[in-house]
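# this one's sequence-less:
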């Protein structure tokens, strides 16, 4: 995902507040002094690092966030450690996700946020193992419970941390930090914390045991010294059969690779993810690559099925803070600032891809590799297969955004103007969905998106958890599929 503006502020909120459909008039004259330095890059996504200050007005309810004017200075890049960075204004504000799914790129213009002191996130310096249950069937695929729309899936996650410098905390990410990131993502998937959003009834849990049933000394995390070229070419990594050695059985775990991505000339990629398969027949899910197999073993894969996250944005920055909004750790779960490179939104966005979600904007409809990476179309149509997520022309928006930031006086620029989208239905709305790119609030999962996620959980192979069709059971493998080697599904960036 690439740079969602507010996408990382959705974890736990004491009250559920719907996203307003228009700026609050009481804030029309409110201003926050934000000094930003703008750097242009040669890409159409707009910004490298973006920090936008939010103003919370205590006496104005029921809005969860209040956005005010920002001021942009000129021409310098925000130091990496400066608070939170930019996810592509679109990780949806989640960076441009790759459909390997999920590649996110950081916006063109960098805003240097001054006078913001990043406090270290509470709890990120110590790991509590008490929540890690040592169970032989952690994904509960042998459950006798009724699996329906209210069934709470527990999906074991294993972070594979690829590093070369053990002393670099952005390479050798502390286990406690990864645990907290997953907790924050779970708050997003729970819904109703940062605004109106569906409860997916999905919980990502740190894997308690390895593939051989051995209890992990560090739940959900393994550290692997990487001897190849580092930083790593993330696109090449995701398609190489040689890298299959890093993943654990996808039928039992969700594999998340953490490593530094190679530098890009047109902005930073924040994450990528493979899309799932769907089984042909009654429950086939539109837009996904199809298979007839109900069971696919890890040995049959010709690629490392996973989500990959740019760990450059997962560790602590040089200023002592993290690339994320403060909404995750604030007492009332409301944000005083947002980050376009919010690593929490990036992870939530990439996991959305892994569970079958597409971007909200109009993009190439092909389900195969010919539509890999980031393929927005210069047209308008509903291509995410969700009727309740308004689609828009992303190329048109980025043209508008570039013009707006370049030609609108800094004192007149507002967050509402960059959140604004012109839907294909000729209506105006403000972006909040996790599957959009920056700029977006990035907290929302719609009812139709939840339905797609649940379909993948119920019926798709290579996804942990109990199935309604007997998928993931090796005894049910079709004879003609047993020896097949599977090439990868589509990759989105």
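Okay, I see it. Just so we're clear, the structure is a prediction, and the values are computed from it rather than from any experiment.
# Direction included, what does the helix or strand residue 222 falls within pair up with?
Per DSSP states H and E: residue 222 is located in strand 221-225. Paired with strand 221-225 in the same sheet, following DSSP bridges, are strand 153-163 (parallel).
# Pull out the buried positions in the partner strand.
153, 154, 155, 156, 157, 158, 159, 160, 161, 162, 163 (16 or more other Cβ atoms under 10 Å). From N, CA and C alone the C-beta is placed, and that goes for glycine too.
# List the residues that contact the closest residue to the last one other than its chain neighbours.
Think residue 163. Excluding the flanking residues, the one nearest residue 163 by Cβ to Cβ, 6 or more residues apart in numbering is residue 171, at 3.9 Å. Residues in contact with residue 171 (Cβ atoms under 8 Å, 6 or more residues apart in numbering) are 161, 163, 164, 165, 259, 260, 311, 315.
# With residue 190 as the reference, measure out to residue 171.
Remark: distance between residue 171 and residue 190 (Cβ to Cβ, to the nearest Å) = 30 Å.
# Same check on residue 436?
Here residue 436 is placed at a distance of 20 Å from residue 190 (Cβ to Cβ).
# Could you tell me the end-to-end distance of stretch 171-180?
Distance across stretch 171-180, first residue to last, is 17 Å (Cα to Cα, to the nearest Å).
# sorry, that was for stretch 291-301
End-to-end span of stretch 291-301 (Cα to Cα): 13 Å.
# So which helix or strand of this protein has the lowest pLDDT on average?
Lowest mean confidence among the helices and strands of the chain (mean pLDDT, DSSP states H and E): strand 51-53, at a mean of 37.
# where in the stretch 251-400 of the chain is pLDDT low?
Residues of the stretch 251-400 of the chain meeting the criterion pLDDT under 70: 265-266, 338, 373.
# Which parts of it are strands?
254-259, 271-274, 277-279, 289-291, 307-310, 337-339 (DSSP state E, counting those that start in this stretch).
# how about those in a markdown table, adding distance to residue 226 and mean neighbour count?
Below are the strands of the stretch 251-400 of the chain laid out as a markdown table (distance: least, Cβ to Cβ, whole Å; neighbours: other Cβ atoms under 10 Å):
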| stretch | distance to residue 226 | mean neighbour count |
| --- | --- | --- |
| strand 254-259 | 7 | 26 |
| strand 271-274 | 17 | 34 |
| strand 277-279 | 28 | 23 |
| strand 289-291 | 29 | 17 |
| strand 307-310 | 13 | 29 |
| strand 337-339 | 27 | 32 |
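# Which one, of the ones you listed, ends up nearest to residue 423?
With Cβ to Cβ, the closest approach to residue 423 among the strands of the stretch 251-400 of the chain belongs to strand 337-339: 22.7 Å.
# Show me what secondary structure element comes after the helix of greatest length in the chain.
Counting by DSSP state H, the longest helix found in the chain is helix 175-190. Next along the chain after helix 175-190, taking DSSP H and E as the criterion, comes strand 202-206.
# Now for residue 293, how many residues are close by?
Other residues lying near residue 293 total 21 when counted by other Cβ atoms under 10 Å.
# sorry, that was for residue 199
15.
# Now do the contacts for the nearest residue to it once chain neighbours are set aside.
Spatial nearest neighbour of residue 199, excluding adjacent residues (Cβ to Cβ, 6+ apart): residue 191 at 4.2 Å. By Cβ under 8 Å, 6+ apart, the contact list for residue 191 reads 197, 198, 199, 200, 445.
# I'd like the residues you listed as CSV, with pLDDT and distance to residue 145 appended.
Shown next, in CSV, are those (pLDDT from 0 to 100; distance: Cβ to Cβ, whole Å):
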residue, pLDDT, distance to residue 145
197, 95, 25
198, 97, 21
199, 98, 17
200, 98, 17
445, 97, 23
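# so which of those comes closest to residue 301?
Lowest distance from residue 301 to the contacts of residue 191 (Cβ to Cβ) belongs to residue 200, with 25.9 Å.
# The closest one reaches residue 451, doesn't it?
No: if you go by Cβ atoms under 8 Å, residue 200 and residue 451 don't touch, sitting 9.7 Å apart.
# higher neighbour count, these two?
residue 200 (23 against 18).
# Tell me where the stretch 301-450 of the chain has helices.
343-354, 394-407, 415-419, 447-459 (DSSP state H, counting those that start in this stretch).
# Highest mean neighbour count out of the ones you listed?
The highest mean neighbour count among those, using mean count of other Cβ atoms under 10 Å, belongs to helix 343-354: a mean of 33.
# okay, the angle between it and helix 447-459?
Using axes from the mean of the first three to the mean of the last three Cα atoms, to 10 degrees, the interaxial angle of helix 343-354 with respect to helix 447-459 works out to 60 degrees.
# Which elements pack onto helix 343-354?
Helix 343-354 sits against helix 175-190, strand 254-259, strand 271-274, strand 307-310, with contacts defined as 3 or more Cβ pairs under 8 Å, 6 or more residues apart in numbering; DSSP states H and E.
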